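Undergrad: Quick one, what's the 3D model for this:
(chains A and B)
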Amino acid sequence: MSSDEEDFNDIYGDDKPTTTEEVKKEEEQNKAGSGTSQLDQLAALQALSSSLNKLNNPNSNNSSSNNSNQDTSSSKQDGTANDKEGSNEDTKNEKKQESATSANANANASSAGPSGLPWEQLQQTMSQFQQPSSQSPPQQQVTQTKEERSKADLSKESCKMFIGGLNWDTTEDNLREYFGKYGTVTDLKIMKDPATGRSRGFGFLSFEKPSSVDEVVKTQHILDGKVIDPKRAIPRDEQDKTGKIFVGGIGPDVRPKEFEEFFSQWGTIIDAQLMLDKDTGQSRGFGFVTYDSADAVDRVCQNKFIDFKDRKIEIKRAEPRHMQQKSSNNGGNNGGNNMNRRGGNFGNQGDFNQMYQNPMMGGYNPMMNPQAMTDYYQKMQEYYQQMQKQTGMDYTQMYQQQMQQMAMMMPGFAMPPNAMTLNQPQQDSNATQGSPAPSDSDNNKSNDVQTIGNTSNTDSGSPPLNLPNGPKGPSQYNDDHNSGYGYNRDRGDRDRNDRDRDYNHRSGGNHRRNGRGGRGGYNRRNNGYHPYNR
Amino acid sequence: MASTWKPAEDYVLQLATLLQNCMSPNPEIRNNAMEAMENFQLQPEFLNYLCYILIEGESDDVLKQHYSLQDLQNNRATAGMLLKNSMLGGNNLIKSNSHDLGYVKSNIIHGLYNSNNNLVSNVTGIVITTLFSTYYRQHRDDPTGLQMLYQLLELTSNGNEPSIKALSKIMEDSAQFFQLEWSGNTKPMEALLDSFFRFISNPNFSPVIRSESVKCINTVIPLQTQSFIVRLDKFLEIIFQLAQNDENDLVRAQICISFSFLLEFRPDKLVSHLDGIVQFMLHLITTVNEEKVAIEACEFLHAFATSPNIPEHILQPYVKDIVPILLSKMVYNEESIVLLEASNDDDAFLEDKDEDIKPIAPRIVKKKEAGNGEDADDNEDDDDDDDDEDGDVDTQWNLRKCSAATLDVMTNILPHQVMDIAFPFLREHLGSDRWFIREATILALGAMAEGGMKYFNDGLPALIPFLVEQLNDKWAPVRKMTCWTLSRFSPWILQDHTEFLIPVLEPIINTLMDKKKDVQEAAISSVAVFIENADSELVETLFYSQLLTSFDKCLKYYKKKNLIILYDAIGRFAEKCALDETAMQIILPPLIEKWALLSDSDKELWPLLECLSCVASSLGERFMPMAPEVYNRAFRILCHCVELEAKSHQDPTIVVPEKDFIITSLDLIDGLVQGLGAHSQDLLFPQGTKDLTILKIMLECLQDPVHEVRQSCFALLGDIVYFFNSELVIGNLEDFLKLIGTEIMHNDDSDGTPAVINAIWALGLISERIDLNTYIIDMSRIILDLFTTNTQIVDSSVMENLSVTIGKMGLTHPEVFSSGAFANDSNWNKWCLSVNALDDVEEKSSAYMGFLKIINLTSTEVTMSNDTIHKIVTGLSSNVEANVFAQEIYTFLMNHSAQISAINFTPDEISFLQQFTS
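TA: Numbering: from 1, shown residues only, chains lettered A, B, ... in the order given. The predicted structure is shown next:
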């Protein structure tokens, strides 16, 4: 158990490698200076350990490392994986073997999608940071050359690295010495607790050349008996080149980890954020994924809907913030265009409009704005598409109910004449669609997906839901805590680069502001309009 | 005992002239008269002279020769007001006993009937009221007090209305004192009540006497005094009679108030009569012409719905009767409709008048005034009630608002029942072609939003498109109300129905540029609510640029009044999203421009300072180029205010600026420190430890009596310690610690809780970074005293901060907690309970690190319960950077390993423990 290799396997198979390692080291130190009492304590801990393991088994569903296991229950290897839980010893041995072929297994696992052994998935996640290129699914390799241009240029100016997972005994000298073999280290700092002066387990270093960084991320690193976690710091101005998508219609049972794993099949993920309900810890049905390249976004956005855990989830491109303004302008224009196009789509739209313009319909009615009503009619369709995704209920029926309800509520509102035709495919609209022409295969796929009716295609580029924009640093909400995924990865995110670190630092500040009474302020909340405040 | 005092005629004439000059439109004459009056005040007979002019002003022969009747009456009133002010005023002529009151006491009552001018008799009433509240309360054995009460009752019996008006004011101010014994061991309360009962049960008395008498009784109900309780049944009998027979509006309004009080204090007496009472109220609401009566009736319904004494099932049967009437009264009244229709034209280009802007910080201003005799002001307000109403229909409390508020609370209590009744009505009127019907329908939807949220599920998807469409209505009130109502549905949209977010928020954002200022106000408020309620991610990805460009446009477009709300919205936006370069380019220049235009003493600076504080904090280092200028100005304003404050202690003539200037500039400096972090150190301390002016200023602020000033200042102190070189503070450490200690020990005012929290929080940061050495014992004792207190209820945030601070102090000095008051299981358990809820990893980690140091140092003879061990493990297993202090955790687990194996852990906790056991 003191063999380095075994330790390594343990760690690698563990969700929280760093602390395990530290404690193990502790134990070793204890052993080394062994007094009887310490041995007694060790024995006590061993006993504790085994009782914990016993406890653990029946409850294993919730333990994070088993999450993915559950999720991929269709996997044929499932049984094996469960067996492994049975005995610590077995697991270790197996892991040892597996790790020998880890590099290959990695690539295989990733191309096979999210199924696989739990530990493999874990490796996959971990190695995303270390081996971005081997991670990509096949089609990514096809576009490899292009990708190197359009990807957030990770190498450009990026001589800076974040080093996480440091042993707290590791000194700046040790660190410099270790990384010195990859190139000249120009700057280096281990972050310390200002009160105790103790290392906080992470630091930053800069190489002279970006190529050193490339070398570093290719392999695993052990320093002072601990697997450390070097990550590329992305320069600020490169961040906008990364690509972000909005994902909607996710099932409530989806966990952040499987969410991230699922989307890693289209490219290297910089940040995946599934929005969780703060109270229940369940998915709130939407999330964001940031890839390291626009190409990955293109790939994933080829499908408007993707099957994920028995649901059609919706993918929308988020543009970088500085693009957003442009796009919202465009959105306005598109709105106009769509309006016209809709006229065509609905066939008898003309009648629909005329009905509202008919002077016989009586005096002024606020709902008599035909254009607005058409617009809403259109938007309602979108709502119901969304609702179908979330509820699985029959769209047409609900839509009609709604229309009836609206008609009842608003005198003068008539049922749209084509409400019954919603489910009829409207190939024309696909053709007139301004969005990038999808390849044949994609088109087929999307047809398969869209059980809602092809009207959804009509809307795929329309403005009312011209969703997301711009990448941002990792979220303020540390969803990972809920996932049981541990702080290690989280901290990695936080410190991936300067900007993120600053951001989180401040977010720490915000937390503190919550913790304390806050600034005095003047009575802000009393401002603003309320129709019956006293 | 009649006073024998006689005035000197020439003095009377002189004073009368002065009084008249005091009211002169010519400022020079006025100022001279005021000065002369000051001298007059020093005369011991000053009050007598004033009183003489008040009561004899029209009969004095000399005066009659010199003045017209009109002037004489005006002089009387002026003398009366001055008499009242002199009795109340800061110089406190009465308490100092320097002035003779005898003449006033025995003669003032004549003023109630010897003039046919209402103003004179009203002023006399006010003087008598003041006499009671400043003198007779304390001198109850003075027989003239009781005498005067009886005189007032006697006069009332003879039909004198000013007397009963005076009585009702006296009751309002001093009712509780009449339960006590006055001269001759008499408790006046019984006689008073009997008289009032007599007045109200005899219809021959005038309506004013009847209504004022009910009003007098209404001041007694909340006292629950014995004298009233024994008469309660009789009172009920009378009041029910009155409710049935008395059709006077003044009386009815008072009856409604009586029922509201009875509902609050004696619901048991009303329960069997509720049917009748509710019907009575509904009858009033639907039939009376006088809105004030209807408002009081509606207030009863509001009280009925919210009363903790009324269970839901009692309210429920009335829902079907009440709700339709509330809905019908939510339509603007005719007058308002005419007014609103006449003023529907665009007005966005018109500048706001200063008087249109309501005071920004009424809270703080009010506190200051409280000392200056609010009673008197109240009295005047009563008299002003008859004044004509404000032109703006939406500034007054009215039946429409009261109905909406009542519908709101009722929906919260019985959502299903209310919705069932209300929805068919709303459905019928949503599409009305009369705008005010639509507007009221939309208001009703918004009012029911909070309570009925989950019952709206079926209807909302259809309603929302309709509502959004109303944002384009040609009637501004409809657009305005729609903005508000949509914001009321923001929780529904943001939590479960994000598909509506864009279709709803985008049109509201477009409405920001409405050409009607009222609509802009509602739109920007609505946007602020959405921002406040939304996840930062949603705002950032979906609306970031759009909001920025809209804010920019609004900054250029809005006038003063809406700008204030806009600053607030921008501040919330900045708090929600981390602002970036784009924000910097778009939003910062106009803000800075506004800031440069305003003078240092302009109150519009407050919201702007607050907004800039959030923006600076959010922009972080990007704010750096602007920082020096912004800081210097904030610092200048702060210094100026603190300096004036200090000077004013010596020189009372100095007018001290509002505290908001200090608070907002402290907040802005704090925002800079938070945003710029260590980079702002050179701003605040340009010469390092050589210039510690800011700290000196802060020490002044920390002694300010206004809580908010200290709250902001402790926050700044904490951030300075957190971000800056701790050497800077060390020189003043003792002073700061003293003030922190004072704050923590004087924690009895719940309004000051945020300041206490910040003080404790700052202490935690200080002890984490600076070794407290000799102060540690004192400070730890102060902290522990509050932590372990069982004589008061400690606010949960205070407790949380106390716990974290104990942990942080334990980092360097675990020994002060490892024995003594803290070292027992119940305290540890309490500690875990408050720390485990923390979200912030950094706070929680350092708290636990220190805590485990304390625990590990504590003698093993102090046993720890399994529950506490479990809580500790629970706490450690989430939101804690355990690897930083794995050594302490390991030791802790070792020390308690025997117990640990007996505890049932959750899977998460087990996986945490496994890190230490494999």
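Undergrad: how's the chain carved up into domains?
TA: In the absence of a named chain, chain A is used. A:149-232, A:235-318 (the TED database).
Undergrad: let's do chain B instead
TA: Split by the TED database, chain B gives B:271-350+B:396-457, B:462-577, B:774-917.
Undergrad: to the chain's geometric centre, what's the distance from the shortest one?
TA: What that stands for is domain B:462-577. Per C-alpha atoms, centre = their mean, to the nearest Å, the displacement of domain B:462-577 from the mean C-alpha position of its chain is 25 Å.
Undergrad: which intervals of chain A have sub-threshold pLDDT?
TA: A:1-158, A:193-196, A:200, A:233-242, A:278-281, A:318-527 (pLDDT under 70).
Undergrad: who touches B:Glu154 in this structure?
TA: Counting by C-beta atoms under 8 Å, 6 or more residues apart in numbering or on different chains, B:Glu154 touches no other residue. C-beta here means a position set from N, CA and C on the backbone, and glycine is covered the same way.
Undergrad: May I see the buried residues of the helix or strand containing it?
TA: Using DSSP states H and E, B:Glu154 sits within helix B:143-157. Buried residues in helix B:143-157, counting neighbours by 16 or more other C-beta atoms under 10 Å in any protein chain shown, are found at B:Thr144, B:Gly145, B:Leu146, B:Gln147, B:Met148, B:Leu149, B:Leu152, B:Leu153, B:Leu155, B:Thr156, B:Ser157.
Undergrad: For the helix or strand that it is followed by, the averaged confidence score.
TA: Going down the chain from helix B:143-157, the next helix or strand is helix B:161-174, by DSSP H and E. Helix B:161-174 shows a mean pLDDT of 94.
Undergrad: orientation of helix B:161-174 relative to helix B:143-157 in degrees?
TA: For helix B:161-174 against helix B:143-157, the angle by axes from the mean of the first three to the mean of the last three C-alpha atoms, to 10 degrees is 130 degrees.
Undergrad: next helix or strand past helix B:161-174?
TA: Per DSSP H and E, helix B:161-174 leads on to helix B:188-201 as the next helix or strand towards the C-terminus.
Undergrad: For B:Tyr631, give its distance to B:Val615.
TA: Applying C-beta to C-beta, to the nearest Å, the value for B:Tyr631 to B:Val615 is 14 Å.
Undergrad: Quick check on the two: which one has the bigger neighbour count.
TA: B:Val615 (28 against 21; other C-beta atoms under 10 Å in any protein chain shown).
Undergrad: quick revisit: dump the domains of chain B into a markdown table; add mean neighbour count, distance to chain A and mean pLDDT as well.
TA: Converted to a markdown table, these look like this (neighbours: other C-beta atoms under 10 Å in any protein chain shown; distance: least, C-beta to the nearest C-beta, whole Å; pLDDT from 0 to 100):
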| stretch | mean neighbour count | distance to chain A | mean pLDDT |
| --- | --- | --- | --- |
| domain B:271-350+B:396-457 | 19 | 4 | 92 |
| domain B:462-577 | 23 | 3 | 91 |
| domain B:774-917 | 20 | 4 | 90 |
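Undergrad: And the ones you listed: which comes nearest A:Ile222?
TA: Evaluated with C-beta to C-beta, the domains of chain B place domain B:774-917 nearest to A:Ile222, the distance being 16.0 Å.
Undergrad: Pull the distance from the closest one to the chain's centre.
TA: Computed by C-alpha atoms, centre = their mean, the chain-centroid distance of domain B:774-917 equals 38 Å.
Undergrad: can you pull the contacts of B:Leu131?
TA: For B:Leu131, the contacting residues are B:Met87, B:Val104, B:Lys105, B:Ile108, B:Met148, by C-beta under 8 Å, 6+ apart.
Undergrad: for those, which one is nearest B:Leu786?
TA: Minimum distance to B:Leu786 across the contacts of B:Leu131 is 43.2 Å, recorded for B:Met87 (C-beta to C-beta).
Undergrad: quick one: the closest one from chain A, how far?
TA: With distances taken as C-beta to the nearest C-beta, to the nearest Å, B:Met87 is found 32 Å from chain A.
Undergrad: Go ahead and confirm that residue touches B:Ser133.
TA: No: the criterion here is C-beta atoms under 8 Å, and B:Met87 misses it with B:Ser133 at 9.0 Å.
Undergrad: Reformat the contacts of B:Leu131 as JSON lines; add pLDDT and secondary structure.
TA: Listed next are those as JSON lines, based on pLDDT from 0 to 100; DSSP: H, G, I helix; E, B strand; the rest coil:
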{"residue": "B:Met87", "pLDDT": "83", "secondary structure": "helix"}
{"residue": "B:Val104", "pLDDT": "88", "secondary structure": "helix"}
{"residue": "B:Lys105", "pLDDT": "89", "secondary structure": "helix"}
{"residue": "B:Ile108", "pLDDT": "92", "secondary structure": "helix"}
{"residue": "B:Met148", "pLDDT": "94", "secondary structure": "helix"}
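Undergrad: out of these, who has the most neighbours?
TA: Per-residue neighbour counts (other C-beta under 10 Å) across those peak at B:Val104, which has 26 neighbours.
Undergrad: Is it in contact with B:Leu47, as I believe?
TA: Yes: using C-beta under 8 Å, B:Val104 is in contact with B:Leu47, at 5.6 Å.
Undergrad: okay, and the common contacts of those two?
TA: Listed as contacting both B:Val104 and B:Leu47 by C-beta under 8 Å, 6+ apart are B:Leu83.
Undergrad: Enumerate every residue touching B:Val278.
TA: With contact taken as C-beta under 8 Å, 6+ apart, B:Val278 is in contact with B:Leu301, B:Phe304, B:Tyr318, B:Asp321, B:Ile322.
Undergrad: oh, I was asking about B:Asn32
TA: Going by C-beta under 8 Å, 6+ apart, B:Asn32 touches B:Asn21.
Undergrad: re earlier: what would the domains of chain B look like in TSV with distance to B:Asp651?
TA: As requested, the domains of chain B are exported to TSV (distance: least, C-beta to C-beta, whole Å):
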stretch	distance to B:Asp651
domain B:271-350+B:396-457	41
domain B:462-577	33
domain B:774-917	36
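Undergrad: And A:Thr290, its phi and psi?
TA: Dihedral angles of A:Thr290 (phi, psi; degrees, to the nearest 10) stand at phi -110, psi 120.
Undergrad: Looks like it contacts A:Lys244 (just checking).
TA: Yes: contact criterion C-beta under 8 Å: A:Thr290 and A:Lys244 qualify, at 4.7 Å.
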